[in-house]
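J.: Show me the folded form of this:
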Amino acid sequence: LLLRGVCKGKYPSYTYFIIQPSESEKNIKIREKTNEVKPLSHEGIKIKMISAAPLPLSIFTVLLLALRSVLGSEDDSVEETETKASQWNYLIIMATVFIGYLTVNGMLLYPFKIAAQEQEEEEEEDPIVLRNFTLEQLHKFHGREDENTGQETPVYLSLEGTVFDVSNGRDFYGPGGPYEAFAGHEVGASLGKMSFDSSFIDDLGACSSLNFGEREELENWIVKFRDYRHYPILGQLVHPAPGGNDAIVSAEELRTADGTQGCPEGYATPPIYVAMSNRVYDVSFGGVEFYGVGRGYEKFAGRDVSRALAKMSFDPSDLENTDTSDLSESQIKVLNDWIKTFEEKKGYPCAGVLKK
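T.: Numbering: from 1, shown residues only. The predicted structure follows:
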């Protein structure tokens, strides 16, 4: 239209403009979002200050300014009145074309489209970080009030080891729902057998002994969760968790378990070992977003970090030195708090005792 004619097609449809007055009313300065000023001329246009706006709004403002010039005064002569009546008809035609242009190109909805697009981009920027689950960790996601925070927890279910977030189906699987007994549990065998018998709940091994019809029923539930309900897959239930207080972890095993090695069968992500006070914890069970590749505590993966965590240090010398005999009382307290967090709050399973 008018402004695009001035721009000679050099700007995209949704460029933002500021039209400023210059020394000559016949000169127009158009400043883009890049703040680059380009003088352009167009005879017969009188422009006043127009604030930054999308192109359609800029055109509409030009039309309003033109309308102001068309409206006459009591002192106008007959010839001037007839001329302005002709201009008025021309303005109506331009306004009609302008509105039609917006409708055809969908520009009236453009701000909403941009907002929706930005929201989709934000959602795409935060993919789910897959993790491993112990049975004890899974039990905490039952949909009821958390004892520590006082807030409702999400609702997770495991189907033959695959953990789904079914919080969007809280009416079915949450408190008061018909399947609330399944919340926070492994229920592959239960759904395959269509049974609420408690003996099948949390029995991951029972899934391997389902008959043909029960196996088909379980597969139907998995397809329903994944492809129809689109419940997010969060990771894998590993039960029983390997290791334990009696297992021995060598220094070489510790160093290689940094999250970059191969993923064992039945795991959603490779084990990540972090050692403190001679105990080795597998933080792939909920700590991938902290200790995984490219994360904030990546340097701690596959190491004994007793000294580093006690001193809250990323210094390479503290990472290489595992001696804690010279730590202060306050630093020892910090270390014990970390151990308590790993064991009680996070529930990271113990992979074994570090071999000296």
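
J.: where in this structure is pLDDT low?
T.: 1-92, 97-98, 100-125 (pLDDT under 70).

J.: Which parts of it are strands?
T.: 16-20, 27-31, 37-41, 50-54, 131-133, 156-159, 162-165, 233-237, 248-249, 273-276, 279-282, 303-304, 350-354 (DSSP state E).

J.: Who are the packing partners of the last one?
T.: If you count contacts as 3 or more C-beta pairs under 8 Å, 6 or more residues apart in numbering; DSSP states H and E, strand 350-354 packs onto strand 248-249, strand 279-282. (Glycine included, C-beta is placed from N, CA and C.)

J.: ok, Gly243 - contacts?
T.: Val249, Val280, Asp282, Pro349, Cys350, Ala351, Gly352 (C-beta atoms under 8 Å, 6 or more residues apart in numbering).

J.: For the residues you listed, which two are the farthest from each other?
T.: Farthest-apart pair in the contacts of Gly243 is Val249 and Pro349; separation 12.4 Å (C-beta to C-beta).

J.: Those two: who's more crowded?
T.: A count of neighbours by other C-beta atoms under 10 Å puts Pro349 above the other of Val249 and Pro349, at 25 against 21.

J.: Can you pull the phi/psi pair for that one?
T.: According to degrees, to the nearest 10, the main-chain angles of Pro349 amount to phi -70, psi 150.

J.: List the residues that contact the closest residue to it other than its chain neighbours.
T.: Once flanking residues are discounted, Pro349 sits nearest to Ala241: 4.2 Å by C-beta to C-beta, 6 or more residues apart in numbering. Contacts for Ala241 (C-beta under 8 Å, 6+ apart) come out as Thr134, Asp282, Phe285, Pro349.

J.: Dump those residues into JSON lines; add distance to Tyr291 as well.
T.: JSON lines is the format used below for those (distance: C-beta to C-beta, whole Å):
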{"residue": "Thr134", "distance to Tyr291": "16"}
{"residue": "Asp282", "distance to Tyr291": "10"}
{"residue": "Phe285", "distance to Tyr291": "11"}
{"residue": "Pro349", "distance to Tyr291": "14"}
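
J.: Among these, which one sits closest to Phe300?
T.: Asp282 (13.1 Å).

J.: separation between the closest one and Leu319?
T.: Asp282 sits 19 Å away from Leu319, going by C-beta to C-beta, to the nearest Å.

J.: Neighbour count for these two, which is higher?
T.: Neighbour count, other C-beta under 10 Å: between Asp282 and Leu319, Asp282 has more, with 26 against 16.

J.: can you tell me how far that one sits from Glu147?
T.: 25 Å.

J.: and what of Glu216?
T.: 40 Å.

J.: Which of those two has more residues huddled nearby?
T.: Glu216 (11 against 8).

J.: contacting residues around that one?
T.: Glu216 neighbours (C-beta under 8 Å, 6+ apart): none.

J.: what does Thr324 give?
T.: Ser277, Ser306, Arg307, Ala310, Ile332, Leu335 are the contacts of Thr324 under C-beta under 8 Å, 6+ apart.

J.: Mind giving me the ChimeraX select for these, buried ones only?
T.: Buried residues within those, by 16 or more other C-beta atoms under 10 Å, are selected in ChimeraX with:
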select :306,307,310,335
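
J.: Which of the contacts of Thr324 fall in helices?
T.: Counting by DSSP state H, these place Ser306, Arg307, Ala310, Ile332, Leu335 in helices.

J.: Closest one to Phe342 out of those, please.
T.: For the ones in helices among the contacts of Thr324, the nearest to Phe342 is Leu335 (10.8 Å; C-beta to C-beta).

J.: so what's that closest one up against?
T.: Met276, Ser277, Ser306, Leu309, Ala310, Thr324, Leu327.

J.: would you turn these into JSON lines with distance to Lys299?
T.: Listed next are the contacts of Leu335 as JSON lines, based on distance: C-beta to C-beta, whole Å:
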{"residue": "Met276", "distance to Lys299": "15"}
{"residue": "Ser277", "distance to Lys299": "19"}
{"residue": "Ser306", "distance to Lys299": "14"}
{"residue": "Leu309", "distance to Lys299": "11"}
{"residue": "Ala310", "distance to Lys299": "15"}
{"residue": "Thr324", "distance to Lys299": "18"}
{"residue": "Leu327", "distance to Lys299": "19"}
